[in-house]
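K.L.:
Structural data only, the sequence is not supplied:
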């Protein structure tokens, strides 16, 4: 029993020694685990410590360390997951947890950097959204630049880039509109308006250009109308075109050529009216003034023909009236006759000619009486014959002609005898003599020899003028051939001979 008891004590001692040794080892393991802060080691040390019934404080301390390290491990896993997800919320939460868990700062550095990147991206996204909503080119450009710097993927910036392109096109279209408006060029305005419409520019910004384009098109059309009016030089069209041009805002310098043409044409029109008025009531001074203005205003020569003719006629009328007045003062029959004939050819009224005709009649009567007296005193047959014929023509009383006729009949009787003697030797001339005086009769009547005895005239003519051989041959040939052309020539010769002899009858 004693041996058995000793063995039991020995065994007990051995167990106690083993337990103590294990406890010491567990205590050391727990200490080492706390120092190493290794989770697995702490788990094992705590289990071993509990088995070995280590001091509760030591176990609590080790357990606290284990809890801290487990939290750190969880925090590290949270950081890893957040880094993988790149979620800002996860990153912020993981970093906060890691900081609270006491994770070293360098272990959170990657997450912090990731958070900064993601926050920058998020801020860039927000900036893009704001810029897209505003559609402001400058904001869009800045937001896209920031997005590129933050590394946003193209899909995230696609909408902003599209809107930026649209807004940039609108800005370019607006700038083009402003330049076209400033230039007022039709082609530039049309192109700018088309581009603005395609760029979906606001209608109010396009309306100004459209209004200006319409105005410029009106100006172009009006300018062509003005040029045409200048070429055609139509007064009413020029006035209308100039009025419309001034209403459209053309400058005075632009309208100066057309206004100059209008002024010229208005002056011409006034000159035409003055010419027409002067022609309707001819007056030398008025016509001269109207013609001078017509020349100065540039009227065509054919437009002045009627006025020039009227002026010539008016001048002739003035000259004729002056001649009539002068001839009446001189009482010279020749001048009076010439002035009256000139007045008749100029178309003077009958009442304007009557005073001169009355004076002419008186003057011819006076002149004829003087001629008759001289012829009677001179006893000249030719002078007597002409004086008697003129006296009868001017209507002298018969008793005033008695003495002249008596003297003339005495001379005619003598001439008749001589003529009969000559005609007996030239029988062929008898028909010619009759023909001669038949031809000469109208001319004799026109010269005032009507009413005197024709037979006496024949006798006087053929007794006082020797008929040449050449004329005799022509008379004979004309009588027998009756050719009209020779008769015409004969008549012309006879008339020429008669008219060329002053105060005598010949051939």
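P.N.:
Noted; the coordinates are in hand. Bear in mind the structure is a predicted one, so any value in this text is a computation, not a measurement.

K.L.:
and the helix or strand harbouring residue 387, average pLDDT?
P.N.:
Per DSSP states H and E, residue 387 falls inside helix 381-394. Averaged across helix 381-394, the pLDDT comes to 75.

K.L.:
Please apply the same query to stretch 316-324.
P.N.:
In this model, stretch 316-324 has a mean pLDDT of 86.

K.L.:
Could you shift the numbering so residue one becomes 17, and keep it that way?
P.N.:
Taking 17 as the first residue, the last one we looked at is stretch 332-340.

K.L.:
Any figure for the gap between the nearest residue to residue 300 once chain neighbours are set aside and residue 302?
P.N.:
Closest residue in space to residue 300, ignoring its immediate chain neighbours: residue 330 at 4.9 Å, by CB to CB, 6 or more residues apart in numbering. Every C-beta, even on glycine, is put in place using the N, C-alpha and C of the backbone. Between residue 330 and residue 302 the computed distance is 9 Å (CB to CB, to the nearest Å).

K.L.:
cool, and residue 60?
P.N.:
Counting by CB to CB - residue 60 and residue 302 are separated by 146 Å.

K.L.:
before we move on, what about residue 361?
P.N.:
Taken as CB to CB, the span from residue 361 to residue 302 is 23 Å.

K.L.:
So between those two, which is more surrounded?
P.N.:
residue 302 (19 against 10; other CB atoms under 10 Å).

K.L.:
what's near enough to touch the more buried one?
P.N.:
Residue 302 makes contacts with 293-294, as judged by CB atoms under 8 Å, 6 or more residues apart in numbering.

K.L.:
any idea which helix or strand carries it?
P.N.:
helix 300-313.

K.L.:
hang on, the earlier thing: hmm, residue 306 and the residue nearest to residue 300 touching each other?
P.N.:
No - in this structure, residue 330 is not within contact of residue 306 by CB atoms under 8 Å, at 11.4 Å.

K.L.:
More neighbours: which of those two?
P.N.:
For residue 330 and residue 306, the more surrounded residue by other CB under 10 Å is residue 306, and the numbers stand at 25 against 21.

K.L.:
Show me what counts as buried in stretch 196-203.
P.N.:
For stretch 196-203, a neighbour-count test (16 or more other CB atoms under 10 Å) marks 196-197 as buried.

K.L.:
Can you list the residue ranges for helices in the stretch 167-316 of the chain?
P.N.:
In the stretch 167-316 of the chain, the segments counted as helices under DSSP state H, counting those that start in this stretch are 170-199, 202-214, 219-248, 251-263, 268-296, 300-313.

K.L.:
Please convert those to JSON lines, extending it with mean pLDDT and distance to residue 162.
P.N.:
Listed next are the helices of the stretch 167-316 of the chain as JSON lines, based on pLDDT from 0 to 100; distance: least, CB to CB, whole Å:
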{"stretch": "helix 170-199", "mean pLDDT": "89", "distance to residue 162": "10"}
{"stretch": "helix 202-214", "mean pLDDT": "87", "distance to residue 162": "30"}
{"stretch": "helix 219-248", "mean pLDDT": "85", "distance to residue 162": "30"}
{"stretch": "helix 251-263", "mean pLDDT": "87", "distance to residue 162": "56"}
{"stretch": "helix 268-296", "mean pLDDT": "89", "distance to residue 162": "54"}
{"stretch": "helix 300-313", "mean pLDDT": "89", "distance to residue 162": "79"}
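
K.L.:
Let me have these in CSV, adding distance to residue 143 as columns.
P.N.:
Listed next are these as CSV, based on distance: least, CB to CB, whole Å:
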stretch, distance to residue 143
helix 170-199, 9
helix 202-214, 29
helix 219-248, 27
helix 251-263, 54
helix 268-296, 54
helix 300-313, 79
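
K.L.:
Nearest to residue 54 among these would be which one?
P.N.:
Nearest to residue 54 among those is helix 170-199; the distance by CB to CB comes to 44.2 Å.

K.L.:
how about that closest one: buried residues?
P.N.:
For helix 170-199, a neighbour-count test (16+ other CB under 10 Å) marks 173, 176, 179-180, 183, 185-186, 189-190, 192-193, 196-197 as buried.

K.L.:
any chance of those in TSV, with distance to residue 268 too?
P.N.:
Shown next, in TSV, are the buried residues of helix 170-199 (distance: CB to CB, whole Å):
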residue	distance to residue 268
173	58
176	54
179	49
180	48
183	44
185	41
186	39
189	35
190	33
192	32
193	29
196	26
197	23
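
K.L.:
Pick the one among the residues you listed closest to residue 51.
P.N.:
Of all the buried residues of helix 170-199, residue 173 has the smallest distance to residue 51: 53.4 Å, by CB to CB.

K.L.:
for that closest one, what are its contacts?
P.N.:
Counting by CB under 8 Å, 6+ apart, residue 173 has contacts 144, 160, 163-164.

K.L.:
again with residue 267
P.N.:
Residues counted as contacts of residue 267 (CB under 8 Å, 6+ apart): none.
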